[in-house]
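Enquirer: Sequence below, structure please.
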Amino acid sequence: MKVLITYDRRLLGTRFTKLKQLIDEHFPSRWHCYDSSYIVSTSLGVTQVRELLLPALDTNDSLLVIELGNKWAGIGLSEKNRSWLDLD
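Expert: Numbers count the residues shown, from 1 in each chain. Coordinates of the predicted model:
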């Protein structure tokens, strides 16, 4: 399944670095689609993904993890990223 991970830009410095490290380490199949968003391929549930990323967050930070369905629409995406989104 594909999961959207998005976070507030208040994540700066070491917290942002730690979050990026956790995402890179645990989700080798990922797309850093926007400045504060990733889409990852995983067998983990959204709660498990959130719990995995919690060590990188502070009480003032915001994080949202959403399971994506198989229907999507976009513009300006490369063929590689469109194909990746269609795989599951």
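
Enquirer: same for the longest helix seen in the chain, what does it pack against?
Expert: Assignment by DSSP state H gives helix 13-26 as the longest helix of the chain. In terms of contacts (3 or more C-beta pairs under 8 Å, 6 or more residues apart in numbering; DSSP states H and E), helix 13-26 is packed against helix 46-53. Every residue, glycine included, has its C-beta placed from N, CA and C.

Enquirer: how much does the helix it packs on deviate in direction from helix 13-26?
Expert: 130 degrees (axes from the mean of the first three to the mean of the last three C-alpha atoms, to 10 degrees).

Enquirer: now helix 46-53: how far from the chain's centre is it?
Expert: Relative to its parent chain, helix 46-53 has a centroid offset of 11 Å by C-alpha atoms, centre = their mean, to the nearest Å.

Enquirer: Could you pull out the buried residues of whichever helix or strand comes after that helix?
Expert: Remark: after helix 46-53, the chain's next helix or strand is strand 63-67, criterion DSSP states H and E. Neighbour-count burial for strand 63-67 flags 63, 65 (criterion: 16 or more other C-beta atoms under 10 Å).
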